[in-house]
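> Sharing a model prediction with you, sequence too.
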Amino acid sequence: MVGPMTLRARWAAFGLVSLAGMGCKGEAPAEDSGAAEGWSWALPEGFPEPWVPEDNPMTEAKVALGRALFYDRRLSLNETMSCGDCHLQRLAFTDGLPTAVGSTGEAHRRASMPLVNVVYASALTWASSETRRLEDQALVPIFGEDPVELGFGGQEDELLRRQTDDAARAAMFEAAFPGEGVTLSGLTRALAAFQRAIVSADSPYDRFINKTDLGALSDDARAGMSLFFSGQMSCSRCHGGYLLSDAAIDAETPLATPTFHNNGLYNLDGYGAYPEGDQGLIEETGDYADMGRFRAPSLRNVAVTAPYMHDGHLATLDDVIDHYARGGEGGPYQSPLVTGFVISDDERRQLRAFLESLTDETLLTDPRFAPPE
């Protein structure tokens with residue numbers, strides 16, 4: 001694993017460590033030389049204005065470049081994998097694997113997270129409060145060495161040479177960042193812009209709650225929605241709000257504190273221990289109270305993002321329901337939110353129908369987010 005200090009050192013080496021653009025007092029944002037074309041958010045009903053760093057405003061040219069880079073296998077050293085190979089649009093930008101596999105075939109310890117509505121995520125990755133900006137996060141898969149993802153550790157010049165030698169791609173960099181040329185900063189800013197553009201909420205659930213189609217939910221899904229938001233199951237205590245996650249930021253609350261939870265997935269010692277090698281936020285803080293604490297991902301499109309949990313531990317939605325119904329694996333350090341509940345066969349069917357109603361089918365084939373032709 002790349003620890004937080006290692007990440008900070010890497011960012012500093014590339015001149016990218018900064019809270020500029022976070023709205024922090026006393027720190028002026030870096031000048032952005034992006035193309036002048038603005039960006040118009042086509043936000044779903046009920047979604048607030050997203051937060052975007054002041055040093056990387058959204059433009060059409062950046063998003064177009066970021067999309068091209070996202071699907072470019074030259075961003076892996078051996079040219080076998082792109083960002084889009086671990087984040088498949090048809091699976092809501094996940095990969096369908098229990099844990100990710102890098103370009104060299106190395107298995108990772110954690111699952112690929114969905115990128116839909118990532119612009120609203122208060123923290124990135126499963127268990128780090130340090131990584132808050134997509135511009136910074138992009139450095140991890142590109143240069144990380146433990147585990148290897150795209151494999152460019154120590155090979156920045158080769159990464160940029162491939163883009164510079166492609167005249168059409170170099171022209172896209174110029175359009176997005178006039179006068180800068182092909183730079184690592186431009187590459188990470190463009191990738192961040194494309195990911196921020198993936199905002200979507202056109203599921204049957206959305207059409208129902210926004211009253212654009214009151215017939216969008218089946219009787220079972222409506223009953224399941226009532227169960228989901230009930231005190232009986234308390235699912236919405238971690239998966240509430242427009243994002244169906246409690247870890248959200250927007251333009252009004254850009255510095256919202258990230259939240260992490262222990263959902264009782266493991267209890268190896270009777271005191272809530274998780275397996276060595278992946279124990280959650282404790283790896284960052286050293287505080288045993290953070291054992292097993294991970295970010296609660298959005299449940300949007302959850303029916304197409306199996307398997308579930310940070311390590312793919314649960315294969316199906318029924319497995320997830322079973323886990324929470326039995327109250328997790330127990331132990332005094334487990335989250336007090338995971339207390340168990342009784343669920344009948346009919347209620348299980350209804351809850352599953354509701355979770356399936358969270359799928360935005362349009363998103364899964366939207367040409368705006370597909371590989372460029």
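Cool, got the structure. Numbers count the residues shown, from 1 in each chain.
> alpha carbons only for contacts and neighbour counts from here, please
Fine.
> could I have stretch 197-205 exported to CSV, CA atoms only?
In CSV, the C-alpha atoms belonging to stretch 197-205 read as follows (Å, rounded to 0.1, in the frame of the first residue of the first chain):
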residue,chain,number,x,y,z
ALA,A,197,-18.6,15.3,-15.7
ILE,A,198,-20.1,11.8,-14.9
VAL,A,199,-23.1,13.1,-13.1
SER,A,200,-26.2,11.0,-13.4
ALA,A,201,-29.5,10.2,-11.7
ASP,A,202,-32.2,9.0,-14.0
SER,A,203,-33.2,5.8,-12.3
PRO,A,204,-36.8,4.7,-11.8
TYR,A,205,-36.3,5.8,-8.2
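> now that stretch: mean pLDDT?
On average, the pLDDT along stretch 197-205 is 97.
> Which residues does that stretch contact?
43-44, 63, 115-119, 216-217, 300, 354, 357-363, 369 (Cα atoms under 8 Å, 6 or more residues apart in numbering).
> Surely Ala216 and Arg207 touch.
Yes. With contact defined as Cα atoms under 8 Å, Ala216 counts as touching Arg207 (6.4 Å).
> sorry, back to before: now, of the contacts of stretch 197-205, which are buried?
63, 115-119, 216-217, 300, 354, 357-361, 363, 369 (16 or more other Cα atoms under 10 Å).
> Go through these and flag which are in helices.
Val63, Phe354, Glu361, Leu363 (DSSP state H).
> Tell me the one of those residues nearest Val342?
Nearest to Val342 among these: Phe354, at 17.7 Å, using Cα to Cα.
> List the buried residues of stretch 322-341.
Residues 322-325, 327-331, 333-335, 337-340 are the ones in stretch 322-341 that count as buried (16+ other Cα under 10 Å).
> typo on my end, it should be stretch 339-352
Under 16+ other Cα under 10 Å, the buried positions of stretch 339-352 are Thr339, Gly340, Ile343, Arg348, Arg349, Gln350, Leu351, Arg352.
> mind checking how far that stretch is from the chain centre?
Relative to the centre of its chain, stretch 339-352 is centred 28 Å away, using Cα atoms, centre = their mean, to the nearest Å.
> Count the residues that sit near the closest residue to Thr305 other than its chain neighbours.
Nearest non-adjacent residue to Thr305, counting by Cα to Cα, 6 or more residues apart in numbering: Leu91, 5.8 Å away. When counting by other Cα atoms under 10 Å, one arrives at 19 neighbours for Leu91.
> pretty sure Leu91 contacts Pro307?
No. Here Leu91 lies out of contact with Pro307, judged by Cα under 8 Å, at a distance of 11.1 Å.
> So for the longest helix along the chain, what gets flagged as buried?
Ranked by residue count under DSSP H, the longest helix found in the chain is helix 184-197. Buried positions in helix 184-197, judged by neighbour count with 16+ other Cα under 10 Å: 184-197.
> And the next helix or strand past it?
helix 204-209 (DSSP states H and E).
> Tell me if Asp318 really is in a helix.
Yes. Under DSSP: H, G, I helix; E, B strand; the rest coil, Asp318 falls within a helix.
> got a list of what it touches?
Arg348, Arg352.
> On the pLDDT front, check Gly270 for me.
What the model reports as pLDDT for Gly270 is 89.
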